[in-house]
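Student: Here you go, sequence then predicted model.
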Amino acid sequence: MPEETLITDSLHIPDGQVPQLVLVGTDYRRADVQQRERVSFDAEEGEEVLINLLARPEVSEAYLLSTCNRTEVYLVPREGHDAYACARDLIFQPREPALVNEGRLYIKRHREAVEHLLGVACGLESMVLGEPEILGQVKQAGQLAAATGAAGEVLQRLLRGATSSGRRARSQTSISVGAVSFGYAALDLARSIYSSLETRRVLLVGAGEMAHQVARNLRDQGVTDFVFTNRGQERADRFQEAFPQAQRRPFSECQEALEEADLTVVSTAADRPVLSQADVEAAARRRADPLLLVDLSLPRNIDPAAAKVDNVFLYDLDSLDTLIQRNLRRRREEVPQVEEIIHRETDQFFSWLQGLEAEPVIARLQQQAEGLRREVVERARGRFPESTHEDLDRLTRALVRKLLHHPSAGLRRDQTTPSQLELVRELFQLNDGYSPMEEPVENPGGEGDS
Amino acid sequence: MARANATILAVNSLTSAAPVLLPLAYLLLVLTYGLLFFRGEGGASRIARPLLWGTILLHLAYLAAITVRWEQFPGANVPQALSVVALAVSIVYALVEAISGERRTGAWLMLLAFLFQLSSSLATGPQPRPVEVFQHPLFALHIFMALLGYAAFVVAGGYGFLFLELYRELKRGRFRLFFGRLPSLEVLDRLMSGALLVGFVALSSAIAAGLAWGLELDTTRWLSDTSVWVTLGTWVLYATTLILRRLGKWQGRHTAVACLVGLGTIVLSLMAYNFLFPTFHG
């Protein structure tokens, strides 16, 4: 049996029917954090939902994307069914009816649904424009859907397109360039001053949540030499537990630690500066390299006058925000380019899908031609010596293949319209249960000879 | 005879066409590296390197043609010297790019090379005379080392300018043109001080060769030569900078300012010699 028939069989696509896609979901724009928490699924729950969806007669394929900012289900419904009700009843209604009742769900179909998923993968739909983690989450959810057998031919092709668009958006545009969080902004600044952070010493003054976040970012960037100091014992212990490699210094040694550090991040709850201009001046005088100071406290914990000291770079929350806003502005400027990538990928996906529509017609055409070939060969076989039968078979098969090559390729092109497919069906009588064995052959030997 | 005529024709064609072609090639390099600076690695990155080396080869061929035509090392007058400096800047940058892979400073260095070559092409200094003394090996060494030194100082000045601009943006917390597009201050400082050291060694050698040449000619005319005193002043400036860096008294910013002052002195003196004298030493 030709391969095309197997593919179309597995998709259950009747002649002339392109599979329709449905997206049902909610995100941070529609639902508050409590509502999003209720409709959030971990891997185990996600797998269960996918299996339940597939068990429904309306659903042919399913894909669930659940992150802290969105829960979306993409469905390929079976013919004549509206899969929206499945998504609503299995996912949203049982967990958070308010989403359904208050109209906090969005439903997108076909091209809109495809463009939405590609936009999500590229980071256009994220709370922080262009954030990179979402691409990994889209891929992970795709792996789960493939593993459970929920993502079939159509959704797997769509997910490949989403992943590739996400990658291209990040490599060909600046949609993910530049820090957009305080921790990463501090690291960006450090990278503009020092060639490598791995060999630099970092001092953290304070051991609160902000210090934890900065330390995590630093660790991710390969910084190994960090020192911390904190007035309170309890917080310092907790910090040491979370970052055992960090070197602990008593708060009274803050000045010495400042002189030895290349990057100092201060985030304490003190209501007045813990580092004065004189402290910074003294530290800068004793070192040849620049000194980078980041004050993440409010009120500020480093005397703003310290910014005047030569070879010292001081940033507070406001100046970091200036950098973040600049990066966000640049990311926004990249949106049209990313949209261009999305449009191209969407077009490619629909070309492929259109090809699927033509597959049943092509398969019928090939079946019919093969039937005719066999019939003619059978009738002519007696006139040829037995030793040539195999050659006769090979020759006629090649002839049929060559004759059908261009029409098949033409039908697979995305410009093929439903009326053209209908014309092909009529011309070759593909609709009326045609059986080649019943067709009279006027000149039984003619075609075999040609 | 026919071959000799063909060579003469080729040399003449090259010496006439290159003053037009070279500024255009450098301008194209500025635009290509400018794209890399503003848009990051993209289509421009594929053509930047071949274009750079192609321009360098064309420039080398031009200088070789000048050498053949005037039968002396190209550098006997200011337009030639400016052109040699432009080439040396490009070669120094091409080597930095090849070794470090750093391409974000290319636009600025190529802008300097373009300005030097454009000045060379536009300069209307008198043509050098084939004087016997110019064919002396000490003269060639003196000229070669002086031009190498000047080129290295131009590169140091270029990196110094970039260092100061990035420093200013970082210090003020106003992130505009340079932040995120240039290498770190540490890398710029390393490139700047490296070029400074090379320039200093080359200029010292040029001064020593010039002194030896003067002694051989048994003349004290150089004592009244302004260009000698300007060069010595520049040498003292760079020597002081290197010593203060070594002692840890000066850091990147001071070095960058010194490099820019040195570059300004070099450019202004070259321009002055061009308009006032037929050669460097009058």
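Tutor: It's in.

Student: Mind telling me what element whichever residue of the stretch 151-300 of chain A sits closest to chain B is part of?
Tutor: Closest to chain B within the stretch 151-300 of chain A is A:Ser195: 4.5 Å, counting by C-beta to the nearest C-beta. Where C-beta positions appear, they are placed from N, C-alpha and C, glycine not excepted. With secondary structure defined by DSSP states H and E, A:Ser195 is part of neither a helix nor a strand.

Student: That one: how many residues sit nearby?
Tutor: Around A:Ser195 there are 16 other residues, counting by other C-beta atoms under 10 Å in any protein chain shown.

Student: for the one 5 residues further on, same thing?
Tutor: A:Arg200 has 21 neighbours, counted by other C-beta under 10 Å.

Student: can you check A:Ala55 too?
Tutor: For A:Ala55, the number of neighbouring residues by other C-beta under 10 Å comes to 10.

Student: Quickly note the distance from it to chain B.
Tutor: According to C-beta to the nearest C-beta, to the nearest Å, A:Ala55 and chain B sit 49 Å apart.

Student: distance of that residue from A:Val49?
Tutor: In this structure, A:Ala55 and A:Val49 are separated by 11 Å, where distance is defined by C-beta to C-beta, to the nearest Å.

Student: Over to A:Val205?
Tutor: 47 Å.

Student: Also B:Ile266?
Tutor: 73 Å.

Student: Which residue is the nearest non-sequential neighbour of the residue of chain A found nearest chain B?
Tutor: In chain A, the residue that lies nearest chain B is A:Ser319 (3.8 Å; C-beta to the nearest C-beta). Nearest in space to A:Ser319, with sequence neighbours left out and distances taken as C-beta to C-beta, 6 or more residues apart in numbering or on different chains, is B:Gly173 at 3.8 Å.

Student: Now for the one you found, how many residues are close by?
Tutor: 18.

Student: B:Ser204 too?
Tutor: 15.

Student: these two touch, right, it and B:Tyr238?
Tutor: No: because the distance of 9.2 Å does not satisfy C-beta atoms under 8 Å, B:Ser204 is recorded as not touching B:Tyr238.

Student: Mind exporting the C-alpha coordinates of stretch A:321-333 to CSV?
Tutor: Coordinates of each C-alpha in stretch A:321-333 appear next as CSV, following Å, rounded to 0.1, in the frame of the first residue of the first chain:
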residue,chain,number,x,y,z
ASP,A,321,15.3,50.4,35.7
THR,A,322,16.6,52.8,33.0
LEU,A,323,18.6,50.0,31.6
ILE,A,324,15.7,47.6,31.8
GLN,A,325,13.3,50.0,30.1
ARG,A,326,15.9,50.6,27.3
ASN,A,327,16.2,46.9,26.7
LEU,A,328,12.4,46.5,26.7
ARG,A,329,12.1,49.3,24.2
ARG,A,330,14.7,47.6,21.9
ARG,A,331,12.8,44.3,22.2
ARG,A,332,9.6,46.0,21.2
GLU,A,333,11.3,47.3,18.1
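
Student: Could I get the average pLDDT for it?
Tutor: Confidence for stretch A:321-333, expressed as mean pLDDT, is 91.
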